[in-house]
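In: structural data only, the sequence is not supplied:
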């Protein structure tokens, strides 16, 4: 099973299990530091080696004779395909060692971490003299304030007097005093090496016994401390190792703290820290959250990783996972479809709030004003979108399959540079005209061309259709086709939504009324009636101004690139509240799981998002915003009735989750779902031709449940003239017991076997 799993995930560049496995092996399990030490000692000759000829294999060589048995008797875990993982080697490095990407930790967390690391936390202090001596050896150097705190912890934890525990080892501990620094406690057997490494071979440091009443002359003399760093260069190689080992008992500290605590000259200390940073034993940067001084901190890399793990563990919310059946209601409530909770309001302000939540979502062009926006804003007026685009820098951008995404011009870097080259996966969203009674669009996109590139005299210019027609050599039909081809390449847009509607209505071709008109003439003595300019302009296939979509500068800086990815995550969290792999399959490639997983992890470590299991039966990690978590489990309009199109951003139709497979209809544009809370009470297919109700015809809310049919007849853009119902609950519509309930809202005509609905006359 593990081999099959490995084969199936090799194609991913950032699969979470692979990332964690590499990190565990390289940082937790493999003792690479000691390996480096052994190899260095072998290379320098400090560790000798000898070649010996023996009559039998050594223990290590003996295992080689078992290769045939291992290969054929015991199966190994090598992937059967022989492929190697596509996991990027720089990904692990970026997570921990790249300044700017690395999240900071709170000072309170550092203080709690250091209490345990220094054995000052209640119950952690040494309880015997030998344990205390071993601890001093491990710590190397203990500053006097920490030594006093340790003795106090011993007294508190074990009710031992300091002198009682110090007496048995008093001759093995020393106090070293250096001018301008606090006294330091050092084990006697390491004192000469430590002092010589810190201060040079000729130190005159003052040495005292650990007990104040010790007899004079009971302590050995240590070489004097050099003045102004003289004589210290010979020990610089060992200084970095000593400081690196000493820092293993601290969280992030400043360079000045190390300087004032150990009394090392700043020049030598800075060189040693540079060596530690280069070997990645120490990391440097803004490691403390909300640090008013903006100090640069230094920290042992393993300790900082532990701090991040603690932070991540503590940030995990205590939450009982909800059944996945509540997920549709959560998404609908979060996106304002229910009209409760996160409702967008009404009018232009409501539309602005709605569009901010749907930015960069690519949907079939005709569905924006027929299904998606009316589901959130009831009633919806098409003039609101016109006004919003005029009053802001909101633009629409095309992609293949006649899809449109809305985006603010200032946020163009959040979407791919060439949306037109994006292929959408029809397995998750099907919008074939055969399934929809919407006039729709021609899905047979032509191969990409760049015929539009010579249309615009100036790249930054804006031109109406008549100007482009006059300056180009194309007729109306040709120019219309070229402009819309450029739209689907994600290269050209128009500053009005009127043009988009007109294109939808004409299947993105020139309208018959826009055919070329002959000039006025009196040839042959007969006057030919003129076509007035206003009438000719009204017949043009577009209004407003066409322009080239500016291409944002590509970011090569790692920090700026990562910040863009974080903005994409924030956009998706604003849209859905919760994120998981399957939910993002319908997004643009730059907004999908594989592109944003690393950023999600970084934002989790920084505390901006949380991870956990919030809904059952969703494989893999789930990330949620703080705002969404607060609303999760609260009243989510459990009794509200709302409808959505199957292709709506809030719809789960087509989502590849085993638990809901078979429970939802196909993700096609002609299908509508009606919910009461988290329960589906009605499904309409092919724009009402097939209806299914899960409530009786005398349900008190049956009229409200059927309201979505009224929307199809009365919507402001492309309303249906009539709805022909063929079956209701798989029974001929004319014989259905639901016909009487339909008469409440609609004009109903029953023919031979169908029920035809018309909007009721006012």
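Out: Noted; the coordinates are in hand. Computed from a prediction, not measured in an experiment: that's the story for all the values here. Numbers count the residues shown, from 1 in each chain.

In: for residue 149, grab phi and psi.
Out: The phi and psi values for residue 149, taken as degrees, to the nearest 10, are phi -60, psi -40.

In: I misspoke; the intended subject was residue 206.
Out: Dihedral angles (degrees, to the nearest 10) for residue 206: phi -80, psi 130.

In: what sits opposite it in the beta ladder?
Out: residue 177 (DSSP bridges).

In: neighbours of it, just the number please.
Out: Using other C-beta atoms under 10 Å, residue 206 has 13 other residues around it. To be clear about C-beta, it is placed using only N, CA and C from the backbone, and glycine gets the same treatment.

In: so it makes contact with residue 176?
Out: Yes. At 7.5 Å, residue 206 counts as touching residue 176 under the criterion of C-beta atoms under 8 Å.

In: residues contacting the spatially closest residue to residue 297 that is not a sequence neighbour?
Out: Using C-beta to C-beta, 6 or more residues apart in numbering and skipping the chain neighbours, the partner closest in space to residue 297 is residue 252 (3.7 Å). Contact analysis of residue 252 by C-beta atoms under 8 Å, 6 or more residues apart in numbering lists 105, 110, 287, 288, 297, 298, 299, 304.

In: do that again at 10 Å, thanks
Out: 104-105, 107, 110, 113-114, 283-288, 291, 295-300, 303-304, 307 (C-beta atoms under 10 Å, 6 or more residues apart in numbering).

In: again, but for residue 601
Out: 14, 16, 19, 95, 103, 312, 609, 611, 621, 623.

In: ok, the fifth one to residue 308 distance?
Out: If I follow you right, that is residue 103. Residue 103 is 7 Å from residue 308, where distance means C-beta to C-beta, to the nearest Å.

In: buried set for whichever strand or helix holds residue 256?
Out: Using DSSP states H and E, residue 256 falls within helix 255-262. Buried residues in helix 255-262, defined by neighbour count with 16 or more other C-beta atoms under 10 Å: 255, 258, 259, 261, 262.

In: so the fourth one sits right up against residue 249, yeah?
Out: Put plainly, it is residue 261. No. Between residue 261 and residue 249 there is no contact under C-beta atoms under 10 Å: 12.0 Å.

In: common neighbours of the two, please.
Out: Residues touching both residue 261 and residue 249 by C-beta under 10 Å, 6+ apart: 141, 146.

In: how about the residue nearest in space to the middle of the chain: what's its closest non-neighbour residue?
Out: With distances taken as C-alpha atoms, centre = their mean, residue 600 lies nearest the centre of the chain, 3.4 Å away. Take residue 600 and drop its neighbours on the chain: the residue closest to it by C-beta to C-beta, 6+ apart is residue 623, 5.1 Å away.

In: make sure I have this right: the one you found is in a helix.
Out: No. Checked against DSSP: H, G, I helix; E, B strand; the rest coil, residue 623 lies outside a helix; its state is strand.

In: okay if I get the buried residues of helix 255-262 as JSON lines plus pLDDT and distance to residue 133?
Out: Shown next, in JSON lines, are the buried residues of helix 255-262 (pLDDT from 0 to 100; distance: C-beta to C-beta, whole Å):
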{"residue": "255", "pLDDT": "93", "distance to residue 133": "31"}
{"residue": "258", "pLDDT": "93", "distance to residue 133": "25"}
{"residue": "259", "pLDDT": "92", "distance to residue 133": "28"}
{"residue": "261", "pLDDT": "92", "distance to residue 133": "22"}
{"residue": "262", "pLDDT": "91", "distance to residue 133": "21"}
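
In: from those residues, pick the one nearest residue 369.
Out: Residue 369 has its nearest neighbour among the buried residues of helix 255-262 in residue 255, at 60.4 Å by C-beta to C-beta.

In: I'd assumed residue 277 was in contact with the closest one.
Out: No. Contact criterion C-beta under 10 Å: residue 255 and residue 277 do not qualify, at 11.3 Å.

In: pull up the overlap in contacts between the two.
Out: With C-beta under 10 Å, 6+ apart as the test, residue 255 and residue 277 both reach 284, 298.

In: tell me where the stretch 351-500 of the chain has helices.
Out: For the stretch 351-500 of the chain, helices defined by DSSP state H, counting those that start in this stretch occupy the ranges 373-376, 382-391, 465-471, 476-488, 497-505.

In: tell me which of the ones you listed is the most buried.
Out: Among the helices of the stretch 351-500 of the chain, the stretch with the highest mean neighbour count (mean count of other C-beta atoms under 10 Å) is helix 373-376, at a mean of 26.

In: for that helix, which helices and strands make contact with it?
Out: Packing partners of helix 373-376 (3 or more C-beta pairs under 10 Å, 6 or more residues apart in numbering; DSSP states H and E): helix 347-357, helix 382-391, strand 641-645, helix 707-714.

In: how is residue 52 assigned, secondary-structure-wise?
Out: Reduced to three states by three-state DSSP, residue 52 is coil.

In: any idea of the pLDDT on it?
Out: Looking at residue 52, its pLDDT reads 80.

In: that one: neighbour count?
Out: The number of residues packed near residue 52 is 5, by other C-beta under 10 Å.

In: give the contact list for it.
Out: Contacts of residue 52 by C-beta under 10 Å, 6+ apart are residue 58.

In: quick one: it from residue 9, how far?
Out: 46 Å.

In: thinking again about what came up before, strands - which of the contacts of residue 601 land there?
Out: Those of the contacts of residue 601 mapping onto strands are 609, 611, 623, per DSSP state E.

In: doesn't residue 597 make contact with the first one?
Out: No. At 11.9 Å, residue 609 and residue 597 do not qualify as touching, with contact defined as C-beta under 10 Å.

In: what do the two both touch?
Out: Joint contacts of residue 609 and residue 597 (C-beta under 10 Å, 6+ apart) are 569, 579, 623.

In: surely the second one meets residue 622?
Out: Meaning residue 579. Yes. At 7.2 Å, residue 579 and residue 622 qualify as touching, with contact defined as C-beta under 10 Å.

In: these two: who's more crowded?
Out: Higher neighbour count among residue 579 and residue 622: residue 579, with 25 against 18, using other C-beta under 10 Å.

In: quick one, what contacts the residue lying closest to residue 374 once chain neighbours are set aside?
Out: Spatial nearest neighbour of residue 374, chain neighbours left out: residue 380 (4.2 Å); criterion: C-beta to C-beta, 6+ apart. By C-beta under 10 Å, 6+ apart, residue 380 lies in contact with 346, 350-351, 354, 369-370, 372-374, 711, 715-717.

In: residue 310 sits in which helix or strand?
Out: helix 301-315.

In: helices of the stretch 101-250 of the chain, residue ranges please.
Out: Going by DSSP H, counting those that start in this stretch, the stretch 101-250 of the chain shows helices at 107-117, 129-139, 144-158, 162-166, 188-199, 236-246.

In: if I look at residue 376, how far off is residue 389?
Out: 18 Å.

In: can you point out the buried residues in the helix or strand residue 23 falls within?
Out: Assigned by DSSP H and E, residue 23 belongs to helix 16-23. Of all the residues in helix 16-23, those buried under the rule 16+ other C-beta under 10 Å are 16, 18, 19.

In: how about TSV for those, with distance to residue 457 and pLDDT added?
Out: Below are the buried residues of helix 16-23 laid out as TSV (distance: C-beta to C-beta, whole Å; pLDDT from 0 to 100):
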residue	distance to residue 457	pLDDT
16	51	84
18	52	84
19	50	84
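
In: between these, which is nearest residue 586?
Out: residue 16 (21.1 Å).
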